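Student: The following block contains a protein sequence and its predicted model.
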Amino acid sequence: MISILRAGERGHFDHGWLDTHHTFSFGDYYDERRMGFRALRVINEDRVRPGQGFGTHGHRDMEIVTYVLEGGLAHRDSLGNGSVIVPGDVQYMSAGTGVRHSEFNASKTEPVHFYQIWILPNAAGETPRYAQKRFDDAGRDGALRLVASGSGREGSLAIRQDVDLYAANLAAGRPVTHTLAPGRHLWVQALSGGLDVNGHALAAGDGLAASGETAFRFAAGDQGAGLLAFDLA
């Protein structure tokens, strides 16, 4: 079974400094039908104005992945990490027993556009940890590049959940395929351009959930497409 959540059906708030869309219930947006998908709990698409951001705040028992589409996001946390995340980087923070961090637009003149994903961990009360890795365009162009996984295989970031997260930039006329093991599930988040998944057309911001399916074909439209794909237990 395949279902689609259109970009315009997401929760949306414009706070001036922050324009945000919530795929699943988050903060002031609540929909009992949209509390997550399998271990996926949050998919937020955020645009933050220059020089603005999220002040220091805390998390615990959550796997947090950040993927920047445009601009740079400056991160600092109570573990002593400080970095600027730019397109091509994947940042991972396992909040565990508790961590505090801040996230600000690193530019005073340009906006930053990014996705932040929260995944429920496979165990509570673990030691917090942090990682950040760059995945070159060559690895994501025309292919599903594994960027995070429960096993950490193929050079991906090792997270505390049985989820394989792939990133891809597809060109028109160069489809790619993916096969799910029986009993697994797929979430596809369209990031840019136009994308076709098994005959279902997606635009930027759309999400597709699939259960009971095993074979998938991803094809980009004339303008190409960017996507994240989650292979979930």
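Tutor: Looks like it arrived, so ask away. The model shown is predicted, which means the values in this text are computed figures rather than measured ones.

Student: Tell me where the chain is predicted with low confidence.
Tutor: Residue ranges of the chain with pLDDT under 70: none are present.

Student: how about the longest strand anywhere in it: buried residues?
Tutor: If you go by DSSP state E, the chain has its longest strand at strand 215-232. Residues 216, 218-220, 224-232 are the ones in strand 215-232 that count as buried (16 or more other CB atoms under 10 Å). Quick note: C-beta positions are derived from backbone N, CA and C, even for glycine.

Student: And stretch 51-59, by the same measure?
Tutor: Across stretch 51-59, burial judged by 16+ other CB under 10 Å covers Gly53, Phe54, His59.

Student: I'd like the secondary structure assignment at Leu191, please.
Tutor: Three-state assignment for Leu191 (DSSP: H, G, I helix; E, B strand; the rest coil): strand.

Student: Grab the nearest non-local neighbour of it.
Tutor: Nearest residue to Leu191 in three dimensions, chain neighbours excluded: Gly226, at 3.8 Å (CB to CB, 6 or more residues apart in numbering).

Student: can you tell me how far the one you found sits from Ser83?
Tutor: Using CB to CB, to the nearest Å, we find Gly226 at a distance of 22 Å from Ser83.

Student: what residue is smack in the middle of the protein?
Tutor: Ile117 (4.6 Å; CA atoms, centre = their mean).

Student: Beta-bridge partners for that residue, please?
Tutor: For Ile117, the beta-bridge partners are Ile43, Val65 (DSSP bridges).

Student: so it makes contact with Val65?
Tutor: Yes: counting by CB atoms under 8 Å, Val65 is a contact partner of Ile117 at 4.4 Å.

Student: Now list whatever residues contact both of these two.
Tutor: Leu165 (CB atoms under 8 Å, 6 or more residues apart in numbering).

Student: All the helices of this protein, in order from the start?
Tutor: Per DSSP state H, the chain has helices spanning 137-140. These are given in chain order.

Student: so which of the buried residues of strand 215-232 comes closest to Gly152?
Tutor: For these, the minimum distance to Gly152 (CB to CB) is 14.8 Å, reached by Asp231.

Student: So that closest one is in contact with Arg184, correct?
Tutor: Yes: at 6.0 Å, Asp231 counts as touching Arg184 under the criterion of CB under 8 Å.

Student: quick one: contacts for Pro128?
Tutor: When contacts are counted by CB under 8 Å, 6+ apart, Pro128 touches Leu79, Met93, Ser94, Ala95, Gly96, Thr97, Gly98, Val99.

Student: before we move on, what about Gly51?
Tutor: Taking CB under 8 Å, 6+ apart, we find Gly51 in contact with Phe104, Asn105, Ser107, Lys108.

Student: next one: Leu170
Tutor: Gly142, Val176, Gly193, Leu195, Phe218, Ala219, Ala220, Gly224, Ala225, Gly226, Leu227.

Student: what's the distance between the nearest residue to the third one once chain neighbours are set aside and Gly98?
Tutor: Taking CB to CB, 6+ apart as the measure, Gly193 lies nearest to Ala225, with 3.8 Å between them; neighbours along the chain are not counted. Summarising the geometry, the distance separating Ala225 from Gly98, computed by CB to CB, is 38 Å.

Student: same question, His200
Tutor: Look at His200 and Gly98: by CB to CB, they are 40 Å apart.
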